[in-house]
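Engineer: this is a predicted model, with the sequence first.
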Amino acid sequence: MTIIIDKPQSSIEKTNIAKIAPGSGAQSAVAVESTAKEEEKPLAKPLVKARLKSLDALRGFDMFWILGGEAIFAALLLISGWAGFKWLDGQMHHSVWHGFTFYDLIFPLFIFLSGVALGLSPKRLDKLPLPQRMPLYQHAIKRLFLLLLFGVIYNHGWGTGAPFALGEVRYASVLGRIAFAWFFCALLVWHTSLRTQIVTAIVILVGYALLQTFPFMTLDNSGAFSATGSINAAVDTLLLPGITYQNAAVDPEGILSTIPAVVNGLFGVFVGHFIVKPQVKGEWFKVAILALSGLGLLLLGWAVSPWNPVNKTLWTSSFTLVTSGWSILFLALFYSIIDVLKVQRWAFFFTVIGCNSIVIYIASSIVNWKYTATSLFGAGISSLPNHVQALGSVIALLLVQWLVLYWMYKRNIFIKV
């Protein structure tokens, strides 16, 4: 884990005085000024590093719902009774089995955004000497195991604590899947061409769909895409250590379903490659291509769903396509508003969350934010009308978490894993 404290960069440019011919003070001064001007242009480019502000904002928007934002529509429904809020509240829950809701998108969107970050600054390491590659390899492995550890801590938070018996630990986790997806995406970015990465994504999607449709091992005959008849359930039962989520036959973050999650990250890599590449037709052309690509993946995912159902727990290939499509559409929206139109002030709330998203996610399992919110704002919430108190509680819960993140943001404290 790394704590990064950003400080303002100095604008003073270094001057190569060694190149100046000896002479009078005035001549030397002129020579220094001339040399500085000549070197100013080539030095200016490395200092300017474009940052995709929409990336942090969208990551924060994604995390906002996990931190308590998902309850806001139920609270608004109590106040207004509007049927639209009832539908929106329904989108704040995972699909029971087959199907798709907005809440199903939160996890794959986060994986997609980690891929975008890789694609924005791709590094080919395979041609470098091993000593130059080792620090990045070590960082990747360290990140992998740290996220796996934090995933276990998150699973056994909420006041229960991790069990002493290793067989009673739930090792599969959201952070674990993010770790594996990022790790394999990074290896592909570092060692293969973009064409190889595209072929890899296609092979995974097709191969995984065939593996699920025609399983060579199952627990029962309830169906290839059922909770107990899928090959995912058989593999998790046979190979996954510890316990599964709610002791079900198949874990939603199980072994096989982690493989297609890598493709969510790869789609992010492709988008990152595309965004960072200069486009003579302008930024709006990029937005249009992103929107069309997202829509195309969305349509393709639903087109194959009669044969390969959209299912989050099994993370089917159709689910990967649908979630990648929505991820690209959301990024296109945020990118067009924040980075193209430069309308950015509204996104500050989400950016504060996005800059320390992993930290606040882990903290949501360790810290009792509801207790903190009630301790600080309980009296004020109780004074509200009964039908408004639920909304007050949601706002208070979000506020205490955001204020902690804002405190970190203002002090340039960004914790990276």
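Structural biologist: Now that the structure is in, tell me what you want to look at.
Engineer: flag the shaky bits of the stretch 1-150 of the chain, pLDDT-wise.
Structural biologist: Low-confidence segments of the stretch 1-150 of the chain, defined by pLDDT under 70, span residues 1-50.
Engineer: what helix or strand is the nearest residue in space to His156 that is not next to it in sequence on?
Structural biologist: With Cβ to Cβ, 6 or more residues apart in numbering as the criterion, His156 has its nearest non-adjacent residue at 4.0 Å, and that residue is Ala162. Where you see a C-beta, it was placed from the backbone N, CA and C, and this is true even at glycine. Using DSSP states H and E, Ala162 falls within no helix or strand.
Engineer: quick one: end-to-end distance for stretch 337-344.
Structural biologist: Distance across stretch 337-344, first residue to last, is 7 Å (Cα to Cα, to the nearest Å).
Engineer: mind pulling the model confidence for the residue nearest to His156?
Structural biologist: Ala162 is assigned a predicted lDDT (pLDDT) of 70.
Engineer: next up, the contacts around it.
Structural biologist: By Cβ atoms under 8 Å, 6 or more residues apart in numbering, the residues touching Ala162 are 152-153, 156, 169.
Engineer: then Gln197?
Structural biologist: For Gln197, the set of contacting residues under the criterion of Cβ under 8 Å, 6+ apart consists of 188-189, 266, 269-270.
Engineer: how distant is stretch 408-417 from the center of its chain?
Structural biologist: The gap between where stretch 408-417 is centred and where its chain is centred comes out at 17 Å by Cα atoms, centre = their mean, to the nearest Å.
Engineer: most centrally placed residue in the chain?
Structural biologist: If you average the C-alpha coordinates of the chain and look for the closest C-alpha using Cα atoms, centre = their mean, you land on Phe110, 2.2 Å from that point.
Engineer: output the contacting helices and strands for the one helix or strand Asp236 maps to.
Structural biologist: Following DSSP H and E, the helix or strand that holds Asp236 is helix 231-239. Where contact means 3 or more Cβ pairs under 8 Å, 6 or more residues apart in numbering; DSSP states H and E, helix 231-239 is packed against helix 194-213.
Engineer: pLDDT on the helix it packs on, on average?
Structural biologist: Confidence over helix 194-213, taken as the mean pLDDT, stands at 97.
Engineer: and if you look at stretch 227-247?
Structural biologist: Throughout stretch 227-247, pLDDT has a mean value of 94.
Engineer: can you list contacts of it?
Structural biologist: Applying Cβ under 8 Å, 6+ apart, the set of residues contacting stretch 227-247 from outside is 97, 166-172, 211-212, 215-224, 248-257, 313-314.
Engineer: one more time with 7 Å, if that's ok
Structural biologist: Contact partners of stretch 227-247, identified using Cβ atoms under 7 Å, 6 or more residues apart in numbering, comprise 167-172, 211-212, 215, 217-224, 248-252, 254-257, 314.
Engineer: which of these count as buried?
Structural biologist: When neighbours are counted using 16 or more other Cβ atoms under 10 Å, the contacts of stretch 227-247 contain these buried positions: 170-172, 211-212, 215, 218-219, 224, 249-252, 254-257, 314.
Engineer: among those, name the ones in helices.
Structural biologist: Mapping those onto helices (DSSP state H) picks out 211-212.
Engineer: identify all contacting residues around stretch 72-85.
Structural biologist: By Cβ under 7 Å, 6+ apart, the residues outside stretch 72-85 that reach it are 86, 88-89, 92, 387-388, 390-391, 394.
Engineer: drop anything exposed from these.
Structural biologist: Neighbour counting with 16+ other Cβ under 10 Å marks 88-89, 92, 390-391, 394 as buried within those.
Engineer: now those residues in TSV, with secondary structure and distance to Gly119?
Structural biologist: Written out in TSV, the entries for these read as follows (DSSP: H, G, I helix; E, B strand; the rest coil; distance: Cβ to Cβ, whole Å):
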residue	secondary structure	distance to Gly119
Leu88	helix	32
Asp89	helix	35
Met92	coil	30
Ala390	helix	41
Leu391	helix	39
Val394	helix	35
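Engineer: which one of those is nearest to Ile353?
Structural biologist: The nearest member of the buried ones among the contacts of stretch 72-85 to Ile353, counting by Cβ to Cβ, is Val394 at 15.3 Å.
Engineer: wait, isn't the closest one in contact with Gly68?
Structural biologist: Yes: under the criterion of Cβ atoms under 7 Å, Val394 is in contact with Gly68, at a separation of 5.9 Å.
Engineer: so what's the residue count around Ile328?
Structural biologist: 28 (other Cβ atoms under 10 Å).
Engineer: show the contacting residues for Ser54.
Structural biologist: The contact partners of Ser54, taken as Cβ under 7 Å, 6+ apart, are 331, 334-335, 338-339.
Engineer: just Asn221 next, same as before
Structural biologist: Gly229.
Engineer: nearest to Ser318, of the contacts of Gln197?
Structural biologist: Comparing the contacts of Gln197 against Ser318 with Cβ to Cβ picks out Leu266 as the nearest, at 16.4 Å.
Engineer: how close does the closest residue to Ala261 other than its chain neighbours get to Gly84?
Structural biologist: Distance criterion Cβ to Cβ, 6+ apart; nearest residue to Ala261, sequence neighbours excluded, is Ala181 at 4.6 Å. Using Cβ to Cβ, to the nearest Å, Ala181 is found at 34 Å from Gly84.
Engineer: those two: which is more packed in?
Structural biologist: More neighbours surround Ala181 than the other of Ala181 and Gly84, with 26 against 11 (other Cβ under 10 Å).
Engineer: wait, doesn't the more buried one sit right on Phe110?
Structural biologist: No: applying Cβ under 7 Å, one finds Ala181 not in contact with Phe110, separated by 9.5 Å.
Engineer: pLDDT score for Gly282?
Structural biologist: Note on Gly282: pLDDT of 88.
Engineer: and the gap between it and Ala288?
Structural biologist: Distance from Gly282 to Ala288, by Cβ to Cβ: 10 Å.
Engineer: ok so, going back, could you dump the strand or helix carrying the residue nearest to the centre of the chain to PDB, C-alpha only?
Structural biologist: With elements delineated by DSSP H and E, Phe110 resides in helix 106-120, which encompasses its position. Output for helix 106-120, consisting of C-alpha atoms alone and laid out as PDB, is shown next (Å, rounded to 0.1, in the frame of the first residue of the first chain):
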ATOM      1  CA  ILE A 106     -21.200  -1.300 -10.100                       C
ATOM      2  CA  PHE A 107     -18.700  -4.100  -9.700                       C
ATOM      3  CA  PRO A 108     -17.800  -4.700 -13.400                       C
ATOM      4  CA  LEU A 109     -17.700  -0.900 -14.000                       C
ATOM      5  CA  PHE A 110     -14.900  -0.700 -11.400                       C
ATOM      6  CA  ILE A 111     -12.900  -3.400 -13.100                       C
ATOM      7  CA  PHE A 112     -13.500  -1.600 -16.400                       C
ATOM      8  CA  LEU A 113     -12.100   1.700 -15.000                       C
ATOM      9  CA  SER A 114      -9.000   0.000 -13.700                       C
ATOM     10  CA  GLY A 115      -8.400  -1.200 -17.300                       C
ATOM     11  CA  VAL A 116      -8.900   2.300 -18.600                       C
ATOM     12  CA  ALA A 117      -6.100   3.500 -16.300                       C
ATOM     13  CA  LEU A 118      -3.800   0.800 -17.700                       C
ATOM     14  CA  GLY A 119      -4.700   1.700 -21.300                       C
ATOM     15  CA  LEU A 120      -4.100   5.400 -20.800                       C
END
